[in-house]
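In: how would this look folded up:
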Amino acid sequence: MADSLPPAPMALRDVEQALRVAIATRTPENDAVLYQKLQNLVSQRPAEVAQLEPRLQIIYNSSTSIAHLDLFVEVLYITREHLTPDSIIRTWWDLALRPALRRAHMPRAIIRHAIEVVMVGLSEGQTGFRRLLVGLFILGVPSLNSVEEAIESVSMSDEEKAQTARWKESLIEILTEDAERHPKVRTHA
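Out: This next block holds a predicted model:
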């Protein structure tokens, strides 16, 4: 896939390089440089932002460490207005957003930014994604209302319990915010 991409304009190369440096050496300074270059790209060359996404996927897939989830969520957050709902749902939901929303120790600001990106994916016509989120909430998060779920919870480690609690909180926040932003969304059965 990397070979099939056209050469990147200079501004994109700068962002790509800054992202690779931030991944290789995580420091607040490297992260800040990346975010500044990315914000400059978004504000000064918005037409080039769409060309960034396939490059982000390649970089993400080559740096599979979960330690970089926050970095990718921030990149998605900064570029969210240039991402399509389809891209968010089909690519970034499974790669970065869902894992970030499940992490027990992810900073609250990153969770909030991940939710904002998900909100772009939940535009008016995205009823299938809405159904997926509701299904994940109903079927994928223990409610502890049954004996089986309570017993299963007892056997979880503290980390697993924290992760489950974070995931449940994230889904509740997404679904609540979606209901507030899109109160008239109807599905056509």
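
In: how about low-confidence regions in this structure?
Out: Across the chain, residues meeting the criterion (pLDDT under 70) sit at 1-8, 64-65, 124-125, 141-153, 185-189.

In: how does it look with 80?
Out: The chain contains residues with pLDDT under 80 at 1-9, 63-67, 124-126, 140-155, 184-189.

In: which elements pack onto the longest helix seen in it?
Out: Using DSSP state H, we find that the single longest helix of the chain is helix 158-181. Applying 3 or more C-beta pairs under 8 Å, 6 or more residues apart in numbering; DSSP states H and E, one finds that helix 158-181 contacts helix 98-102, helix 108-121, helix 127-140. For glycine as for every other residue, the C-beta is placed from the backbone atoms N, C-alpha and C.

In: right, so of the ones you listed, which gets closest to Thr79?
Out: Closest of the helices and strands packed on helix 158-181 to Thr79 is helix 108-121, at 8.9 Å (criterion: C-beta to C-beta).

In: and that closest one, what's buried?
Out: Neighbour counts over helix 108-121 (16 or more other C-beta atoms under 10 Å) mark Ile110, Ile111, His113, Ala114, Ile115, Val117, Val118, Met119, Val120, Gly121 as buried.

In: from the middle of its chain, how far away would it be?
Out: Mean-position distance between helix 108-121 and its chain equals 7 Å (C-alpha atoms, centre = their mean, to the nearest Å).

In: how about stretch 81-101?
Out: 5 Å.

In: export only the CA atoms of that stretch, formatted as PDB.
Out: Presented in PDB, the C-alpha positions along stretch 81-101 are these (Å, rounded to 0.1, in the frame of the first residue of the first chain):
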ATOM      1  CA  GLU A  81     -13.700  17.700  10.400                       C
ATOM      2  CA  HIS A  82     -11.900  16.300   7.400                       C
ATOM      3  CA  LEU A  83     -12.700  12.600   8.100                       C
ATOM      4  CA  THR A  84     -15.700  11.000   6.500                       C
ATOM      5  CA  PRO A  85     -18.200   9.200   8.800                       C
ATOM      6  CA  ASP A  86     -17.500   6.100   6.700                       C
ATOM      7  CA  SER A  87     -13.800   6.300   7.400                       C
ATOM      8  CA  ILE A  88     -14.400   6.700  11.100                       C
ATOM      9  CA  ILE A  89     -16.700   3.800  11.200                       C
ATOM     10  CA  ARG A  90     -14.900   1.400   8.900                       C
ATOM     11  CA  THR A  91     -11.300   2.200   9.700                       C
ATOM     12  CA  TRP A  92     -10.700   4.200  12.900                       C
ATOM     13  CA  TRP A  93     -13.400   2.800  15.100                       C
ATOM     14  CA  ASP A  94     -11.700  -0.600  15.300                       C
ATOM     15  CA  LEU A  95      -8.100   0.600  15.000                       C
ATOM     16  CA  ALA A  96      -7.900   3.400  17.500                       C
ATOM     17  CA  LEU A  97     -11.200   4.700  18.900                       C
ATOM     18  CA  ARG A  98     -12.700   1.600  20.500                       C
ATOM     19  CA  PRO A  99      -9.400   0.500  22.000                       C
ATOM     20  CA  ALA A 100      -8.900   4.000  23.400                       C
ATOM     21  CA  LEU A 101     -12.500   4.200  24.800                       C
END
